[in-house]
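Q: Sequence below, structure please.
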Amino acid sequence: MFNKYIAICLLCIATACKTQNQVEKTTNKEIVDTTSKADFTLAFGSCNKQNETNLLWDDILKTNPDVWIWGGDNIYADTDNMKRLRAMYAKQNSVLGYQKLKSEVPVIGTWDDHDYGLNDGGVDFDKKKESQQEFLDFMGVDRNDPRRTQEGVYAAHTYNTPKGSIKILVLDTRYFRTDLTPDTESKKRTKPNAYGVGTVLGTTQWNWLTDELKNSTADFNILVSSIQILSNEHGFETWGNFPHEVDKLGKLIVDSKAKGVIMLSGDRHISEFSKTEISGVDYPLVDFTSSGLTHTYSAFNGEPNPFRVGNVVFTKSFGLIKFNFKTKEAQMQMIGNDLKVMGELHQTY
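A: Numbering: from 1, shown residues only. Below is the predicted model of the structure:
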């Protein structure tokens, strides 16, 4: 479903088209406004090495978020040894800046391959059940929480305010994800599977997501995916390796009539906005990629993304979204050290 709109998106980008609902800015000169309180503020990020200094924790706190969302690769473990994995999570939990954040802000999130335990790992990782428990311990999840007995770390979080509500649906793109197809004909690592072959979420998680979206009454619905959903030509991990799953998600968003769906992603060591239109939804779908927190693709010199809006940011940053329930606006920003605004996208829903 998304794929049929590639031509439209390319035309819009080429002609720098703007709609009345959209204002785009990319800058590294402005400083984020921390003086005014939004109706709800979420901050998120990914790709965080526990042994490297993260200079952004104080900046994250200064933005006064109502929730911090881990987008995956929250540590770099790449191990099937649970004792080692536990020690690495403990290392991250000992970071003073992160301790202060946790003491003041609720923390939720998902994992990606490096904290899952296996680079590019999926359904066949033989320590995924044990790794799930270590991840849940790191996240401070109660022993009686359903995630302790279900397969996968997916979860729903609803935040109700006097002015409106936000529903955050944290997806697990590791536990059930089936095999990727290596690209032996080019320099890319992977290529899309044959249409209909394989899955990102698995049957149980798809059923859960369907129920959560169709029954949602929230003003905004946030989908957290550790890997990109829209960008599909770079050859690394992406929902685009399972094009039928991308179409299935688009159809679900249309059928559910869920309001204000925004997609968050990580993994890539770059930050960018991707956007597309789908028939049956009266707002564009945005995939806000924020990566990374301690290291980035500093040698980035370009890659195709037919859905890209604005410029790629390849310096350390985190994502910030400020919501206004009255105007139905989401102000999305990429924030670097010292609160510099590296990129910005405003969208009305």
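Q: Spell out the residue ranges of the strands in the stretch 201-349 of the chain.
A: Ranges of strands in the stretch 201-349 of the chain, per DSSP state E, counting those that start in this stretch, are 220-224, 261-265, 271-276, 285-289, 308-313, 318-324, 329-335, 341-348.
Q: Throw the ones you listed into CSV and include mean neighbour count and mean pLDDT, thanks.
A: (C-beta placed from N, C-alpha, C; glycine too.) Output for the strands of the stretch 201-349 of the chain, formatted as CSV (neighbours: other C-beta atoms under 10 Å; pLDDT from 0 to 100):
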stretch, mean neighbour count, mean pLDDT
strand 220-224, 25, 99
strand 261-265, 26, 99
strand 271-276, 26, 98
strand 285-289, 26, 98
strand 308-313, 20, 98
strand 318-324, 25, 98
strand 329-335, 23, 98
strand 341-348, 21, 98
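Q: CSV for these, including distance to residue 87?
A: Shown next, in CSV, are the strands of the stretch 201-349 of the chain (distance: least, C-beta to C-beta, whole Å):
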stretch, distance to residue 87
strand 220-224, 26
strand 261-265, 28
strand 271-276, 30
strand 285-289, 30
strand 308-313, 32
strand 318-324, 25
strand 329-335, 30
strand 341-348, 33
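Q: looking at these, which is closest to residue 301?
A: Nearest to residue 301 among these is strand 308-313 (10.0 Å), distances taken as C-beta to C-beta.
Q: could you give the angle of the closest one to strand 329-335?
A: Strand 308-313 and strand 329-335 meet at an angle of 30 degrees, taking axes from the mean of the first three to the mean of the last three C-alpha atoms, to 10 degrees as the criterion.
Q: Can you tell me what sits against strand 308-313?
A: Residues from elsewhere that reach strand 308-313 (C-beta atoms under 8 Å, 6 or more residues apart in numbering): 13, 24-26, 231, 270-275, 286, 300, 302, 334, 336, 342-345.
Q: Go again with 6 Å.
A: 24, 26, 270-275, 334, 342-343 (C-beta atoms under 6 Å, 6 or more residues apart in numbering).
Q: cool, and stretch 86-97?
A: When contacts are defined by C-beta under 6 Å, 6+ apart, stretch 86-97 is touched by residues 50, 57, 75, 77, 134, 138.
Q: Of those residues, which is the nearest to residue 204?
A: Proximity of those to residue 204 (C-beta to C-beta) peaks at residue 134, which lies at 21.4 Å.
Q: Spatially nearest residue to residue 281 (excluding sequence neighbours)?
A: Excluding its sequence neighbours, the residue lying closest to residue 281 (C-beta to C-beta, 6 or more residues apart in numbering) is residue 254, at 5.7 Å.
Q: neighbours of the one you found, just the number please.
A: As a burial measure, residue 254 scores 15 neighbours (other C-beta atoms under 10 Å).
Q: Are we agreed that residue 120 is in a helix?
A: No. Using DSSP: H, G, I helix; E, B strand; the rest coil, the assignment for residue 120 is coil, not a helix.
Q: Could you find the closest non-adjacent residue to it?
A: In this structure, residue 120 finds its nearest non-sequential neighbour in residue 113, 5.5 Å apart by C-beta to C-beta, 6+ apart.
Q: measure the spatially most central residue of the chain to residue 319 for me?
A: When C-alpha atoms, centre = their mean is applied to the chain, the residue found nearest the centroid is residue 265 (2.2 Å). Residue 265 sits 10 Å away from residue 319, taking C-beta to C-beta, to the nearest Å as the criterion.
Q: related to what we said a few turns ago, can you name the two of the contacts of stretch 86-97 that are farthest apart?
A: 57 and 134 (22.2 Å).
Q: Now do the same for residue 36: its pLDDT.
A: At residue 36, the predicted lDDT confidence score is 87.
Q: can you check residue 6 too?
A: Reading off the model, residue 6 has pLDDT 35.
Q: now do residue 187
A: For residue 187, pLDDT reads 87.
Q: Please work out how many residues are found near it.
A: Neighbours of residue 187 under the rule other C-beta under 10 Å: 6.
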